[in-house]
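> curious how this folds, go ahead:
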Amino acid sequence: MGLKGFAIKKIIAAIITIFAIVGVNFVIFRMAPGDPVRMMFRDPRISGEQMQLIREKFGLDKPLWGQFISYLKELSHGNLGLSFWQKRPVLDVITDRIPQTLLLVLTALTIAMFLGTIFGALAGWKRGTRVDSFILSLSLTMYSIPAFSLGIILLLIFAYILSIFPLSGMTTPASGLTGLGYWKDVLWHMCLPAFSIIMWYIGEYVLLTRGSMLDTLRKDYILTARAKGLKESTILIKHALRNALLPVITVTGVNIGFAVAGVIEVETVFSWPGIGRLVYDAVMKRDYPLLQGVFLVFAISIVLANLVIDLIYGYIDPRIKVGGEKK
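Below is the predicted model of the structure:
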């Protein structure tokens, strides 16, 4: 089996995974306690007949299997349903929030990957020294602290006590800023939430790069390069680091998918108007269609990230055997 067969196998597995996720995604939110209609209309003067009409409008009067069939039919046409809470198409609500989350996640991951790779390579290169011990201890500490916990601490110190950064949101309300001033305001609001994410992922990248670097430094071609009398900096950058980056590339693709889903706590702490904050609000409102749509986007992003990385890894690494045979 060659690369083409490998790609087809991975794509089929991704499609099956997405179908399984759709089913679980539909059922799990309907297991949550609470009546979504009552959450939408809290006025006690609404009669039982009116409540029934509302349930019929949203299809909640049907049995669970009937709702699932209707959901699959609408999903096949690209319709994720109507948000109970916002009374808008779910797809429109999600697309309004995706840019804010991608801005936060991609910025934080890019910085974390760059710094984590540098410090991880340095720790691996200086194995057993004080530099290695310091970087490793600091990375383990950062990796052990949840991003939302760090976010609360940062918010308390730098926003509430010192008043250096804003407390919440993405922009200053009623500021009327445009152009460069607007983006400066956005970046200023993004500092604390981005830093919370960066600190956690830096720890992961340092540990991963260090381990990969130590494995690479044991290879014969590193000994050969040293025997040729090459400079240590040349061996580090052109030989060791380049080959040690393969696992980092793999994890980065997966992290993009997981970071989009895992940013819920950070966005909630900082009231960042992205997908994560949307999920929190949708849970509070028992908005089934919106939750289904958001988590479907989360799941697809993770599955596609894994698929792309598998295909890239299978292409760039000649050591991978496909179906037990070398490509």
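> any stretches of this protein with poor pLDDT?
Of all residues in the chain, those with pLDDT under 70 make up the ranges 1-3, 29-48, 50-51, 54-61, 257-258, 261-262, 313-327.
> which residue lies nearest the spatial centre of it?
Centroid-nearest residue in the chain: Ala259, 1.7 Å away (criterion: CA atoms, centre = their mean).
> thought that residue was touching Val105?
Yes: between Ala259 and Val105 there is a contact at 4.7 Å, judged by CB atoms under 8 Å. Bear in mind the C-beta positions are built from the backbone N, C-alpha and C, glycine included.
> tell me the residues that contact both of the two, please.
Common neighbours of Ala259 and Val105 are listed as Ile197 (criterion: CB atoms under 8 Å, 6 or more residues apart in numbering).
> show me the strands in the protein, by range?
Along the chain, the segments classed as strands by DSSP state E run 321-322, 325-326.
> still on that earlier bit, now do the contacts for the residue nearest to the centre of the chain.
For Ala259, the contacting residues are 105, 108-109, 197, 201, by CB under 8 Å, 6+ apart.
> go on, Ala112?
Counting by CB under 8 Å, 6+ apart, Ala112 touches 197-198, 200-202, 204-205.
> helices - which of those land there?
Assigned to helices by DSSP state H, the following of the contacts of Ala112 qualify: 197-198, 200-202, 204-205.
> coming back round to it: of the contacts of Ala112, grab the buried ones for ChimeraX.
Applying 16 or more other CB atoms under 10 Å to the contacts of Ala112 leaves a buried subset, and the ChimeraX line that selects it is:
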select :197,198,200,201,202,204,205
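> helices of the stretch 1-150 of the chain, start to end?
For the stretch 1-150 of the chain, helices defined by DSSP state H, counting those that start in this stretch occupy the ranges 3-30, 36-40, 48-58, 64-76, 90-125, 130-144, 147-154.
> any idea which of those gets closest to Val303?
helix 3-30 (5.1 Å; CB to CB).
> tell me the angle that closest one makes with helix 64-76.
Between helix 3-30 and helix 64-76, the angle comes out at 130 degrees (axes from the mean of the first three to the mean of the last three CA atoms, to 10 degrees).
> buried residues in helix 3-30?
Judged by neighbour count using 16+ other CB under 10 Å, the buried positions of helix 3-30 are 6-7, 10, 14, 17, 21-22, 25-26, 29.
> cool, stretch 68-76 as well?
So for stretch 68-76, counting by 16+ other CB under 10 Å, buried means 68, 71, 74-75.
> ok, now stretch 306-314?
Within stretch 306-314, the residues scored as buried using 16+ other CB under 10 Å are 306-310, 314.
> quick one: Ile11 from Ile18, how far?
11 Å (CB to CB, to the nearest Å).
> end to end on stretch 73-91, go ahead and measure it.
With CA to CA, to the nearest Å as the measure, the ends of stretch 73-91 fall 16 Å from one another.
> give the buried residues for that stretch.
Under the neighbour-count criterion of 16+ other CB under 10 Å, stretch 73-91 has 74-75, 80-86, 89-90 buried.
> could you pull out the buried residues of stretch 228-248?
Neighbour-count burial for stretch 228-248, with 16+ other CB under 10 Å as criterion, is recorded at 235-236, 239-241, 243-246, 248.
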